[in-house]
Every structure is written in structure tokens, then in C-alpha cells.
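Novice: quick one: sequence and predicted model below, then my questions.
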Amino acid sequence: MEKPTYYITTPIYYPSSNLHIGHSYCTVAADVMARYKRLQGYDVMFLTGTDEHGQKIEEKAKEAGVTPKQYVDKVVAGIQELWQLMNISEHRFIRTTDDYHEESVRKIFKKLYDKDEIYKGTYKGKYCTPCESFWTETQLVDGKCPDCGREVTDAEEEAYFFRLSKYADRLLKLYEDNPGFLEPKSRVNEMVNNFIKPGLEDLCVSRTSFTWGVPVDFDPKHVVYVWVDALSNYITALGYGNERYHDYEKYWPADVHFVGKEIVRFHSIIWPAMLMALDLPLPKKIYGHGWLNFNGEKMSKSRGNVVDPAILCQRYSVDAVRYFLLREFPFGSDGNFTNELLINLINTDLANDLGNLVSRTVTMALKYFDGKLPAEQTTDPMDVELIQMASVLKHKVEAQMEAFQFQNAITETMKLVSRTNKYIDETAPWILCKDESKKGRLAAVLYNMLESLRIASILLTPVMPDSCLEIQRQIGAPDELCTWGQAGRFGLLPRDVQVTRGPNLFPRINLEKELAELESHLPSEGKKAEPAQPQSPAKPAKKEEKEPVEGVASLITIDDFAKVNLRVATVLECERVEKSDKLLKLQLDDGSGTPRQVVSGIAAWYRPEDLIGKKIIVVANLKPAKLRGQLSQGMLLAADVGEAASVIFVNDGIPNGSKVR
Ligand code: MSP
């Protein structure tokens, strides 16, 4: 029987020699999904690659004194190495400079032109070179690019346009008829309210001011707009419009495109409209994941806070980094990466819980039975809860994985790990071993521990493939008992299983020492806290910068704390306060039905658009005050990070007005 297929993609990356841990987030998540589906028996196509055309690359190559192709070849090799290091199991890696892709892009453009979906006109407007994005005057924020906040340039040139505007109604209907098309839900509102409802304009899809791109087939002084070139990769890599591959029929439409939140717009508006214009089926789902920030700030080279995934993998193991990325942050929301969080999670979850369970289990089996359990064992009613929990775990994990809730999926499995550690304390093998008549019982306890580990290791395999294989080797579980399906059955290991001692999987890390060492790996500008903007001091967290522990004299009672009315609210609108460098004025939906206005001194660290749509915590019973003549009815919670303020954001799923205690 033919296997069911599953097609998953990541965005194709701009060739940057500086991929940071945030970039690897999406690729690791997609890899985990691909491995999970493979384990379930799917025929998986997992595509990633690089997006190599455009003015920015042309300029960088010029600066480096090489041709654009020479430039990208070198950088792309580095990206491929990084994915290899991170154990990314992609099936296909596409480069937009691959001949077959370029051939398909030329055909796609021509087909759209022949169908009158593309027409020739004159482009007048603004262009952001780093983002390769055209903007209208009204879309700019403070005259700058609404995506990256950088300067835009005037652009006027003969160009081809894609009739995007005519797809507005079909796109709205698409979101309405297919609520699962774009997730998480909050991204749909963003697309509808910020882009479609204000009016979609036809999209400029060719440029003549540079040459590093796919030439338009019938008018070669034009090159195809990079996003048309890039988005097409999802079908050209399957062989659409070329003879290099023949997988289009088999895998298209894609099951899911994973993309970062800032490129959801391209994937949920331009891409479906292009496919509609080509009369091709649409992908089944776009999932717009959140961003990892670093100590509350955007990761970027100019801020000197780029965290190198290769260094982290070398220091803590690839599996630990993969685990951290998916266990620490909910996939749909932004997360704040800190080295401290990473090390603490490795110590608690991996060293204390999982690693400890493996070594306790193997050590006891060796100590009490020389590694081979006796087949005669005595079960006990107290085993039932553990067995029950382990037996239903697979279903729970699957439900979370299908919803791309990696964090919850892992948490479910780690609950079994904790429960098994507790089971050891409850059954106290070190006491059982003293009584010869309890040997059978002791063996059953150890057997249950091994079975829990077998199940947990199967379910964690997509996240930590190498470590889980090693766990299975140590607990004596052969491959044929470690297929995905067998995670749903307790009691498969032979009763007289043989265990083997192995290396300590997750050694504990000395937090303070590590933090100091990691800091020495940050680019030097980062250490000197070179600000990206005049008022934005970017500093990596330093241990000494932490607040001293408060003295007893300043302790408060729970009743004192209860006086503070903390509520979850969404930022509806946000703007700078005139003549102030420091203040932002926010309108909040705090669930009361009346917008609440708050003025906050965070303008040095946040742009208004960084906050709109975000959920924050507001002190709702603070005496109103006027700041620069503006009424402020409350205050946002923010953490001090060095000299910067880092606003506390909360999960999209928490309703406005929820009390925070
Ligand atoms: N080339 C385009 C994508 C074209 S897809 C047809 C692009 N490339 S990128 O290299 O800038 O970004 C690749 C992915 O990395 C994007 O999904 C982006 O959201 C993601 N990330 C970049 N920085 C990130 C974080 N700090 N955190 C999480 N993801 C981030 O966009």
C-alpha cells in the first residue's frame, strides 16, 4: 500500500553568513515535524533552501569584490553546514540560483503575463532594499519601512504588475471558508485588518535597476521581483515547470508552510493569489511562528547580540539546543532567548529529569541484577497509574503535534519522565533490594521504569534523535520495539531485558561559569553594548547586573500584593508622544469594553508597531497621572534588562481582562 504523503517547507533563507539561533528556530521545528511524520509512516517531503537573488546580494557581492554567484556559493555552503550540524533531515535543498528553478520562474512569469494576470506599467513609490519590499507612502511608518524601520528610497521605473488587487475578495473568502488556512488565528486578523481591508494594490513584480535576478523571459531588461521568485520555490522544487524533478503531482499542495511572523503577509496574501492566478491548488496551511528575541531585543548583527547556534550546539549538544528551542517557547508566540534560560532548562529537564532517570534506571538494573532482569516479576496495584499514563501518552503527544504545539507535546512526555522519577521514590528500590523475597517486585519496578523510558524516548525522538537512540541502546530496547506505533503499548520489552551502561547523556552545567564563557563568544560590539539606535543600549545579560535580593525589611505580605490589580490587555493602538523621545501612548483593550490609555517610557526600546496586537500586563488600579499632558491610566509591566526595559508579553491565548496573580 502506498504511504500517505506529507509536504512541509521552511522559508528559504537569505544567504547570510550570520545565521543566528532565531533563524534555526523554524528549521528545527520543521525538522521535528518531518521526523514525527516519517516515524508515523508518512512519505515526507521536507524542503528548505536559500533565497539568493536581489539588489541586496548584488550590493554585498560588489562590496566583497566578487560576483554575486561567488558570493552566494560561499555563504550557502555555510548554511548547509549549519543544517547538517543541527541534524536537519531535509529531503531537498533548493537554491533560487539553481537552473531548474530559474527556468520554472521564467515560465511562471510568462504564464501569468499570457493570462493577463501581469501587465506592464510604471512603478512609483518607495522601496526598502534590505527587505526587498515596495511600499506605498501610506504604508510607511514615520517615513520608514514598516517591517524593519529602515530608510526607504524613492523608486520610479517601468515595471510589470501582478493584479493582486482583484484577489482581495477571494482571499477574504479563503480565510473565512478555511479557518485552518492561516494559523495562529491572530495572524488572520492582522492580514485582514492591516492589509486586505485597507485595500490591496497591484503588486510590482519586476525591476530594471539591477540585474541579479531571474530575467523576464519576454523582456529581459527586467528581472523578476524576488518574492515572486522566492515563493515559487515551493512548487519548482517539486518539478513544476521543469524536468529536474517529477514530484509535483505527488506532494502538492503542501501540508504546511512554516514561516516567521513577518513574512506571513507574503505567504498568506501574495502566494495564494499567485496560485489562484495560475489555477493551482493552494497549500493546506500557513503557520506563522513567533520570533525569538535576545534579552528582550531583536537579534541582529548591528546590535551585537547574535547568538551563534553552532557555538551553542558544540557546547551543549545539538539535541539539547533543539530541545530548548521547542520546549521553552510556544511556537506561535514570540519568545525571549537568554543563555540563562537555556542552561537552566538543560539542567532541570535534561540533566535532572530525563538524564537522571536513565542513569538511575540503568545503574539500578546493573547493581541489583547485573544488567539482566529476571523474567519472574511481581506487579502491584501501585503500578497501574504509571502504566496508564504511559499508555495514553502517544495520543496526547500526537494531538499536540498535529496542532504544532511542540511545547505542549514535549511537556506531556516530560510529565511521564517526572512521574517515573516519582515512582522510583514511591517504590524505593533501595529498600526492596534488601529483602530477597522482594526480588520479583524489584524487577517489576525496574521493568516499569525501562518501559516508561522506552515510550518517552520514542516520543522525544523527533526532537532529540541522537539522544533518544542512545537511551534506547542503554535500556536494551531494539529498533523493532521503538517504532512510533509501539509508543502506544506498555509492556513490549522482554521481561528479561538486558541493559547496558552508557555515557551520561546530559551533564549538568555550571551556570555562572558558562554564562561568563558564553559572553566571550558574543561579537565584541555586543560586549561593549554598542547601541543600534542612539537610545537603545543593547547589552547581553550579565550576572552582576541582576538586582540584589531584597532584604527582609522590604518584604510584603500576600495581602499587599493582592492590592495590585494586574490585568492582561491587548495593545490596540500605539504612537509616539509628541516632543518626547521616551514616551509611547498606547490604547489597550483590557476586557472592560472601554479602551484604556496608558503612557509608557519605553520609546527608546520599542517602535509602536512592535507593540500593536501584542498582549501585555497592565497595572489597572494605578492612580491616573498626566505625562507630557497625556492621561495615563495605568502602567505596563516590563523587566529591567541592563539599562533597557523589556516589556512582559503574554500568550496570545489569554483573554483580555484576565487577572494576573
Ligand atoms: N528569504 C525570505 C523568505 C522567503 S520564503 C519564500 C526571508 N529570509 S530570512 O533569512 O530573512 O528569514 C528566514 C526565516 O527566519 C523567516 O521565517 C524569519 O521569520 C526567520 N527568523 C529570522 N529571525 C528570527 C528570529 N529571531 N526568531 C525566529 N525566526 C526568525 O525572510
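Specialist: That came in fine, so what should we check first? Just so it is clear, the model here is predicted, and its values are computed rather than measured.

Novice: and residue 435, backbone torsions?
Specialist: phi -110, psi 110 (degrees, to the nearest 10).

Novice: and residue 586, which of the three is it?
Specialist: In three-state terms, and counting by DSSP: H, G, I helix; E, B strand; the rest coil, residue 586 is strand.

Novice: and it, what's its pLDDT?
Specialist: We note a pLDDT of 92 for residue 586 in this prediction.

Novice: likewise residue 518?
Specialist: Per-residue confidence at residue 518 stands at 75 (pLDDT).

Novice: in the protein, which helix or strand is least confident?
Specialist: Within the chain, judged by mean pLDDT, DSSP states H and E, the helix or strand with the poorest mean is helix 524-527; its value is a mean of 44.

Novice: is residue 355 in contact with residue 504, as I believe?
Specialist: Yes: the pair residue 355 and residue 504 qualifies as a contact (CB atoms under 8 Å) at a distance of 6.5 Å. (Each C-beta comes from the backbone N, C-alpha and C, glycine too.)

Novice: look at those two and report which has more neighbours.
Specialist: Looking at residue 355 and residue 504 with other CB atoms under 10 Å, you find the greater number of neighbours at residue 355, namely 21 against 11.

Novice: could you find the closest non-adjacent residue to the more buried one?
Specialist: Of all residues not flanking residue 355 in the chain, residue 506 sits nearest, at 3.8 Å (CB to CB, 6 or more residues apart in numbering).

Novice: would you mind measuring from the one you found to the ligand?
Specialist: Applying CB to the nearest ligand atom, to the nearest Å, the value for residue 506 to the ligand is 25 Å.

Novice: list the contacts of that residue.
Specialist: Under the criterion of CB atoms under 8 Å, 6 or more residues apart in numbering, the contact partners of residue 506 comprise 317, 320, 346, 350-351, 354-355, 467.

Novice: out of those residues, which one sits closest to residue 588?
Specialist: residue 346 (36.7 Å; CB to CB).

Novice: is whichever strand or helix holds residue 426 in proximity to the ligand?
Specialist: Element membership for residue 426 (DSSP states H and E) is helix 406-427. No: contact between helix 406-427 and the ligand is absent, the nearest approach being 13.7 Å (criterion: CB under 6 Å from any ligand atom).

Novice: closest residue of this structure to the ligand?
Specialist: Using CB to the nearest ligand atom, the point where the chain gets nearest to the ligand is residue 260, with a distance of 1.6 Å.

Novice: and the residue lying closest to residue 565 once chain neighbours are set aside, how many neighbours?
Specialist: On the basis of CB to CB, 6+ apart, the spatially nearest residue to residue 565 that is not a chain neighbour turns out to be residue 621, at 3.9 Å. Residue crowding around residue 621 was assessed by other CB under 10 Å; the count is 12.

Novice: and residue 621, how far from residue 597?
Specialist: Applying CB to CB, to the nearest Å, one obtains 15 Å for the distance of residue 621 from residue 597.

Novice: repeat that for residue 294.
Specialist: On the measure of CB to CB, residue 294 and residue 597 end up 31 Å apart.

Novice: neighbour count: these two, which is higher?
Specialist: residue 294 (25 against 15).

Novice: thought residue 129 was touching residue 57?
Specialist: No: counting by CB under 8 Å, residue 129 stays clear of residue 57, with 10.6 Å between them.

Novice: which one of those two is surrounded by more residues?
Specialist: residue 57 (25 against 18).

Novice: isn't the more buried one up against residue 51?
Specialist: No: in this structure residue 57 lies outside contact range of residue 51 using CB under 8 Å: 9.2 Å.

Novice: common neighbours of these two, please.
Specialist: Both residue 57 and residue 51 are in contact with 14-15, where contact means CB under 8 Å, 6+ apart.

Novice: for the residue of the chain closest to the ligand, give me its contacts.
Specialist: Under the criterion of CB under 8 Å, 6+ apart, the contact partners of residue 260 comprise 11, 26, 288-289, 291.

Novice: quick one: which of those sit in helices?
Specialist: Here DSSP state H is the test, and the contacts of residue 260 give residue 26 as lying in helices.

Novice: from the contacts of residue 260, which are also near the ligand?
Specialist: If you filter the contacts of residue 260 for contact with the ligand, counting by CB under 6 Å from any ligand atom, you are left with 11, 26, 291.

Novice: in TSV, list these along with neighbour count and pLDDT.
Specialist: As requested, those are arranged in TSV below (neighbours: other CB atoms under 10 Å; pLDDT from 0 to 100):
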residue	neighbour count	pLDDT
11	23	97
26	22	97
291	17	94
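
Novice: out of the residues you listed, which comes closest to residue 203?
Specialist: Within these, distances to residue 203 taken as CB to CB reach their minimum at residue 11, with 18.6 Å.

Novice: grab the nearest non-local neighbour of the closest one.
Specialist: Once its chain neighbours are removed from consideration, residue 11 has its nearest residue in residue 259; the separation is 5.2 Å (CB to CB, 6+ apart).

Novice: partner strands of the host helix or strand of that neighbour and their direction?
Specialist: In this structure, residue 259 sits in strand 256-260 according to DSSP H and E. For strand 256-260, the pairing partners within the sheet under DSSP bridges are strand 5-13 (parallel), strand 286-289 (parallel).

Novice: which parts of the longest one are buried?
Specialist: It refers to strand 5-13. Within strand 5-13, the residues scored as buried using 16 or more other CB atoms under 10 Å are 6-13.

Novice: same deal with stretch 490-503?
Specialist: Across stretch 490-503, burial judged by 16+ other CB under 10 Å covers 490, 493, 497, 499.

Novice: tally of neighbours for the residue nearest to residue 11?
Specialist: 22.

Novice: my read is that it contacts residue 291, right?
Specialist: No: counting by CB under 8 Å, residue 259 does not reach residue 291; the two are 11.5 Å apart.

Novice: run a quick neighbour tally on the spatially closest residue to residue 277 that is not a sequence neighbour.
Specialist: Closest residue to residue 277 in three dimensions, ignoring its sequence neighbours and counting by CB to CB, 6+ apart: residue 117, at 4.0 Å. For residue 117, the count of nearby residues is 21 (other CB under 10 Å).

Novice: tell me which residues in stretch 21-28 are buried?
Specialist: Neighbour counts using 16+ other CB under 10 Å place 21-28 of stretch 21-28 among the buried residues.

Novice: do stretch 147-163 as well
Specialist: Taking 16+ other CB under 10 Å as the neighbour-count basis, stretch 147-163 is seen to contain the buried residues 147, 149, 152, 155, 159-163.
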